[in-house]
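[1] Following is a predicted model, sequence given first.
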Amino acid sequence: MAENPDKSRSDAPKRTSINEGNDNGETGPALGKALTLPSSVAGSGTLDRLVDTARDYARAAHSENTNKAYAADWKHFGRWCRMKGTDPLPPSPEMIGLYLADLAAPVDKAPAITVTTIERRLSGLAWHYQQRGFTLDRKNRHIATVLSGIKRKHARPPVQKEAILRDDILAMVATLPYDLRGLRDRSILLLGYAGGLRRSEIVSLDVNKDDTPDSGGWIEILGDGALLTLNAKTGWREVEIGRGSSDQTCPVHALEQWLHFAKIDFGPVFVRTSRDGKKALKSRLNDKHVARLIKQTVLRAGIRSDLPEKERLALFSGHSLRAGLASSAEVDERYVQKHLGHASAEMTRRYQRRRDRFRVNLTKAAGL
């Protein structure tokens, strides 16, 4: 007798994909219920612990910000599908092509988003489909040709944040008080600038190796400077930060002062302080604090005071420290490239807001 297809489908063993959310575009509190055992395997204490470990590794596959962005991308696409009377599963290249077109040129009054954001959303969808056992063919003509047309018609040069240069960082640091919070923020600005660090790299530092599970690296203070070991976007790397010419501008001295007066010898380097700014707490700072700190001190220092406040705030971000070092360091480009952890000199040049662009003159070299 023929088997009931509905019954066989419902009785089939089910596996929950890593970081699985529901099909309506929602995700669970930690990007879904993550990994589970197949129904054919009996659970045990050892296997259950391995499942928990696998879940932790699955969550660590991307940074927290990337996980949040991908979750928001999937949620937005799910909402869009419901409004169009369709379902996000299984993946439909035709509908995804229409979705990309709607993002670039919305039919309603919603603002168009940038090409970079559109590409990021497509990556988020592809990742979520992969977690659900599907493959999204991004080379499918319904997706690839639409995206190619969007890039050709709407792509613009990337908007670069303003670089914080030497005089800028000194003026910003000068606006900070000398209480505990001021010592911390001074250390953040000087260390981030001298190290060319991303804001996530700054706040993820621990005092020692393996102090905390969420550590992104650790520090070692030596006679000539500080050695930072970072788990960066491109893998593990070391950043050497030498001592400055004076205590007022030395990032290593600022770091030592903060650690000493905050009485920090274990765990996160940069932590929150009490409301009165006189006591160091245990919880690690969020990387958004770095961006807020930069914007606040830029305003207080009067940097780019020729512009309205709103425009000044939009010009600067956490990357302004990184761009500032790349633009200000008067050394061979290859040293800056290594310091920033860039794989190519071309990437380093993107961070250099001012440089000798015509040092190599191919016009004269060609005999003209």
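    Received it, and whenever you're ready, just let me know what you need. Residues are numbered from 1 along each chain as shown.

[2] Just the strands from the stretch 251-368 of the chain, written as ranges.
    271-273, 280-284 (DSSP state E, counting those that start in this stretch).

[3] Report the mean confidence score over the helix of greatest length in the chain.
    Within the chain, and with DSSP state H defining each element, the longest helix by residue count is helix 64-83. The predicted model assigns helix 64-83 a mean pLDDT of 92.

[4] What residues sit buried inside that helix?
    The neighbour-count check on helix 64-83 (16 or more other CB atoms under 10 Å) flags Asn67, Ala69, Tyr70, Ala71, Asp73, Trp74, Lys75, His76, Phe77, Gly78, Trp80, Cys81 as buried. Where you see a C-beta, it was placed from the backbone N, CA and C, and this is true even at glycine.

[5] Output the residues you listed in TSV; the columns should cover distance to Lys153.
    As requested, the buried residues of helix 64-83 are arranged in TSV below (distance: CB to CB, whole Å):
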residue	distance to Lys153
Asn67	31
Ala69	24
Tyr70	26
Ala71	29
Asp73	22
Trp74	26
Lys75	27
His76	22
Phe77	22
Gly78	27
Trp80	21
Cys81	25
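
[6] Looking at these, which one is closest to Ser245?
    When those are compared for distance to Ser245 (CB to CB), Ala69 wins out at 40.8 Å.

[7] The closest one and Arg120 touch, don't they?
    Yes - counting by CB atoms under 8 Å, Ala69 touches Arg120, with 6.6 Å between them.

[8] Quick check on Leu100: phi, psi?
    Per-residue torsions, Leu100: phi -60, psi -40 (degrees, to the nearest 10).

[9] Test my guess that His154 contacts Ala104.
    Yes - between His154 and Ala104 there is a contact at 5.7 Å, judged by CB under 8 Å.

[10] Quick check: neighbours shared by those two?
    Residues touching both His154 and Ala104 (CB atoms under 8 Å, 6 or more residues apart in numbering): Ala112, Val115.

[11] gap between Lys233 and Leu191?
    According to CB to CB, to the nearest Å, Lys233 and Leu191 sit 18 Å apart.

[12] thinking again about what came up before, find out how far the longest helix of the chain is from the centre of the chain, if you would.
    17 Å (CA atoms, centre = their mean, to the nearest Å).

[13] same deal with stretch 206-219?
    With CA atoms, centre = their mean as the basis, stretch 206-219 stands 18 Å off its chain's centre.

[14] Need the distance between the two termini of it.
    7 Å (CA to CA, to the nearest Å).
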